[in-house]
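> Provided below are the primary sequence and the corresponding predicted coordinates.
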Amino acid sequence: MLKLNDPALLETRAYVNGHWIENGNSFPVFNPATGEKIADVTDLGVEDVTLAIDGAYDAKAAWAAKTGKERGTILRKWHDLMVGNIDDLATILTAEMGKPLAEAKGEIMYGASYVEWFAEEAKRIYGDVIPGHQPDKRIVVLKQPVGVVGSITPWNFPNAMIARKVAPALAVGCTFVARPAELTPLSALAMAVLGERAGIPKGVFSVIPSSDASTVGKELCANTKVAKITFTGSTRVGKILMEQGAATVKKVSMELGGNAPFIVFDDADVDAAVEGALIAKYRNAGQTCVCANRIYVQSGVYKEFSEKLAKRVSALSVGDGFEEGVAIGPLINEAALSKVEAHLSDAIAKGARIATGGNRHSRGGTFFEPTVVTDVTRGMQVQHEETFGPIAPLFEFETEDEAVELANDTEFGLAGYFYAKDISRVWRVAERLETGMVGINTGLISTEVAPFGGVKQSGQGREGSKYGADDYLEIKYMCFGEIH
Ligand SMILES: NC(=O)C1=CN([C@@H]2O[C@H](COP(=O)(O)OP(=O)(O)OC[C@H]3O[C@@H](n4cnc5c(N)ncnc54)[C@H](OP(=O)(O)O)[C@@H]3O)[C@@H](O)[C@H]2O)C=CC1
Ligand SMILES: O=C(O)[C@H](O)CS(=O)(=O)O
């Protein structure tokens with residue numbers, strides 16, 4: 001049993017229209033570090049999903065009629081409760097997802113930062129007044145909430161990925177039905193407990209755990225009361241949802257897969273680049289969409305960088321996220337581990353060499369040694385596929401053009417990183433990278449103040465920043481005639 005200051009935060013019932021419900025069906029949630037079952041969570045069927053959508057639809061008028069300040073005050077209270085319960089929220093998160101407790105606390109603060117940001121933005125959803133096109137005309141543009149939002153999110157950031165969506169949605173007056181990943185529903189349910197305490201009205205925010213993602217997704221996409229689908233996860237599933245949503249012309253926000261290049265130029269600060277690579281690659285054991293998936297190092301610094309990186313990586317501690325000092329937790333499941341091993345064996349078979357790591361960890365289970373692989377070349381899977389694990393594949397390159405061409409040789413375009421000092425090179429490379437986000441001399445770019453999102457097949461829409469509310473708003477143009 002988890003040791004919580006407030007045991008009520010370990011909620012296993014579904015939260016539908018302000019009611020905590022059980023229906024006799026449940027699915028188990030396991031701790032990936034130990035394999036132990038944490039809890040059995042209510043398993044909702046499509047009829048319950050429809051109930052949640054109906055409730056969100058019925059609640060939207062009154063919620064949108066509140067002032068931005070009134071909605072913002074409730075969101076601010078929600079933020080304060082998340083921060084005030086950070087220890088319990090992080091414990092629940094580490095237990096169900098596996099990341100080290102320090103990273104889990106970081107995620108709680110990161111998720112809460114979106115709630116805080118949009119608590120403030122709620123008062124600033126401005127429209128426009130446009131000079132009329134005829135003497136008697138006056139033109140006004142309103143921004144209005146899209147309505148009911150259906151959300152589907154992944155297991156790797158089970159708090160922040162929901163917070164990054166629900167905060168702007170509620171801030172502008174939308175209502176929200178959240179379906180968390182089957183592997184990690186407890187963080188979402190804890191958010192609902194605190195949302196209820198913060199005063200979010202019944203029906204405005206529901207959490208619908210389910211073991212049947214496909215059926216829930218189909219209902220969210222098909223139900224005409226749902227105005228928008230917001231999704232974070234793989235590009236494969238994002239395409240399914242976009243196709244399913246097309247039948248009712250659903251608005252979509254898609255935060256999809258990544259394949260981030262990390263480029264180290266000859267004029268880089270190599271020590272800084274090593275530190276940047278450590279966080280960009282090994283945060284969440286490499287299970288983030290903005291992880292450095294490919295590391296390109298210019299020949300002049302290749303030996304120094306690869307040796308320094310391998311030395312730092314070999315010292316990373318692997319273990320249960322609750323253990324002091326652990327940097328690398330377990331992978332989420334056996335399938336994730338198999339993908340990591342497949343990418344590694346493919347690279348080795350095609351001539352790559354292991355500089356450190358390369359094996360399942362002696363801890364067993366889904367623990368894997370943080371790994372650095374050198375002599376990686378274009379024909380290997382790690383160049384084109386997202387590994388989603390603690391493997392750093394190093395490619396050597398000669399020229400800037402070669403690096404940019406290699407970096408852009410992917411259907412993905414979420415994040416990209418590079419280290420260089422020459423200011424002209426910095427601008428040239430940053431402008432040429434085909435990504436939605438670029439880290440320059442930094443390996444950590446995620447923040448609520450900036451627009452998070454991708455191009456190409458990494459998705460569409462932006463989350464966070466002054467741009468983040470736009471995804472949840474419609475523009476209405478009003479033309480006043482006969483004004484004399
Ligand atoms: N751009 C971004 O911000 C992020 C992108 N990702 C990407 O997602 C992948 C890893 O996450 P992962 O969770 O495995 O991705 P998936 O796309 O498999 O799952 C994401 C969510 O979609 C649900 N889902 C799966 N199939 C369907 C379906 N047919 N209809 C509706 N929902 C469905 C899953 O449910 P369930 O798990 O219960 O089956 C889960 O809740 C990687 O590619 C990663 O890059 C991940 C996080 C952030
Ligand atoms: O799910 C993810 O991978 C997150 O988007 C990564 S981040 O926002 O924490 O960088």
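Okay, I see it. Ligands and ions are numbered 1, 2, ... in the order given.
> which residue ranges form the helices in the stretch 201-350 of the chain?
Shown for the stretch 201-350 of the chain, the helices assigned by DSSP state H, counting those that start in this stretch span residues 213-222, 235-246, 270-282, 302-314, 334-349.
> try the stretch 1-150 of the chain
For the stretch 1-150 of the chain, helices defined by DSSP H, counting those that start in this stretch occupy the ranges 46-65, 68-84, 86-97, 101-121.
> need those in TSV with mean pLDDT, mean neighbour count and distance to ligand 2, can you?
Using the backbone N, CA and C atoms, a C-beta is placed for each residue, glycine as well. Output for the helices of the stretch 1-150 of the chain, formatted as TSV (pLDDT from 0 to 100; neighbours: other CB atoms under 10 Å; distance: least, CB to the nearest ligand atom, whole Å):
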stretch	mean pLDDT	mean neighbour count	distance to ligand 2
helix 46-65	98	19	23
helix 68-84	98	19	16
helix 86-97	98	25	11
helix 101-121	98	23	6
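> on that earlier part again, rebuild the helices of the stretch 201-350 of the chain as CSV, extending it with mean pLDDT and distance to Tyr110.
Converted to CSV, these look like this (pLDDT from 0 to 100; distance: least, CB to CB, whole Å):
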stretch, mean pLDDT, distance to Tyr110
helix 213-222, 98, 24
helix 235-246, 98, 22
helix 270-282, 98, 14
helix 302-314, 98, 24
helix 334-349, 98, 22
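> so for Val204, which of the helices of the stretch 1-150 of the chain sits nearest?
In this view, those are compared for proximity to Val204 by CB to CB, and helix 46-65 is the closest at 5.1 Å.
> give me the contact list for that closest one.
14, 16-18, 21, 23, 71, 144-145, 147-150, 170, 173-177, 179, 201-204, 206, 208, 210, 215-216, 218-220, 223, 225-226 (CB atoms under 8 Å, 6 or more residues apart in numbering).
> what about the closest residue to Ile445 other than its chain neighbours, which SS state?
Computed as CB to CB, 6 or more residues apart in numbering, the closest residue to Ile445 that is not its neighbour in sequence is Gly439, at 4.4 Å. Taken by DSSP: H, G, I helix; E, B strand; the rest coil, the conformation at Gly439 corresponds to strand.
> residue contacts, Gly439?
With contact set as CB under 8 Å, 6+ apart, Gly439 has these partners: Gly276, Ala280, Ala415, Gly416, Tyr417, Phe418, Ile445.
> from these, pick the one nearest Ile86.
Ile86 has its nearest neighbour among those in Ile445, at 22.8 Å by CB to CB.
> residues contacting the spatially most central residue of the chain?
Using CA atoms, centre = their mean, the residue of the chain that lies closest to the mean C-alpha position is Met161, 4.5 Å off. The contact partners of Met161, taken as CB under 8 Å, 6+ apart, are Thr153, Pro154, Thr232, Glu255.
> and if you look at Leu278?
Under the criterion of CB under 8 Å, 6+ apart, the contact list for Leu278 reads Leu309, Arg312, Val313, Leu316, Gly443.
> Ser253 touches Phe231, doesn't it?
Yes: if you go by CB atoms under 8 Å, Ser253 and Phe231 touch, sitting 7.1 Å apart.
> intersection of neighbour lists for those two?
Listed contacts common to Ser253 and Phe231 are nil; contacts here mean CB under 8 Å, 6+ apart.
> if we can go back for a sec, could you give the bridge partners of the residue nearest to Ile445?
Under DSSP bridges, the beta-bridge partners of Gly439 are Tyr417.
> adding pLDDT, write the contacts of Met161 out as TSV.
Conversion of those to TSV gives the following (pLDDT from 0 to 100):
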residue	pLDDT
Thr153	98
Pro154	98
Thr232	98
Glu255	98
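> among the residues you listed, which are within reach of ligand 1?
Thr153, Pro154, Thr232, Glu255 (CB under 6 Å from any ligand atom).
> give me the buried subset of these.
With neighbours counted by 16 or more other CB atoms under 10 Å, these contain buried members at Thr153, Pro154, Thr232, Glu255.
> any idea whether the residue nearest to the centre of the chain is helix, strand or coil?
Secondary structure for Met161, judged by three-state DSSP, is helix.
> how about the residues of this structure by ligand 1?
Remark: the part of the chain in contact with ligand 1 comprises 152-156, 181-183, 213-214, 217, 232-234, 237, 240-241, 255-258, 289, 386, 388, 414, 459, using CB under 6 Å from any ligand atom.
> buried subset of those as a ChimeraX selection?
ChimeraX command restricting those to the buried ones, with burial defined by 16+ other CB under 10 Å:
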select :152,153,154,155,156,181,182,183,213,217,232,233,237,240,241,255,256,257,258,289,386,388,414,459
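> quick check: the residue of the stretch 251-400 of the chain nearest ligand 1.
In the stretch 251-400 of the chain, the residue found nearest to ligand 1 is Cys289; the distance is 3.1 Å by CB to the nearest ligand atom.
> that residue contacts Gly238, correct?
No: Cys289 sits out of contact with Gly238 when judged by CB under 8 Å, with a separation of 11.2 Å.
> and for the two, which residues touch both?
Both Cys289 and Gly238 are in contact with Leu256, Gly257, where contact means CB under 8 Å, 6+ apart.
> so what does the helix or strand bottoming out on mean pLDDT in the chain touch, helix or strand wise?
The helix or strand of the chain with the lowest confidence, counting by mean pLDDT, DSSP states H and E, is helix 381-384 at a mean of 94. Using 3 or more CB pairs under 8 Å, 6 or more residues apart in numbering; DSSP states H and E as the contact test, the elements touching helix 381-384 are strand 292-298, helix 334-349, strand 391-397.
> which residues touch the second one?
Under the contact criterion CB under 8 Å, 6+ apart, helix 334-349 has outside partners 287, 331, 354, 358, 360, 366, 368, 371, 373, 376, 380-382, 385, 387-391, 393.
> that one relative to strand 391-397, how many degrees between them?
Here helix 334-349 points in a direction 30 degrees away from that of strand 391-397 (axes from the mean of the first three to the mean of the last three CA atoms, to 10 degrees).
> pull the CA atoms of the helix or strand that helix 334-349 is followed by into PDB?
Secondary structure here is assigned by DSSP states H and E; on that basis, the next helix or strand after helix 334-349 toward the C-terminus is strand 353-356. Written as PDB, here are the backbone C-alpha positions of strand 353-356 (Å, rounded to 0.1, in the frame of the first residue of the first chain):
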ATOM      1  CA  ARG A 353      29.800  -0.500 -31.000                       C
ATOM      2  CA  ILE A 354      28.800  -0.200 -27.400                       C
ATOM      3  CA  ALA A 355      30.700   2.300 -25.400                       C
ATOM      4  CA  THR A 356      28.800   1.700 -22.200                       C
END
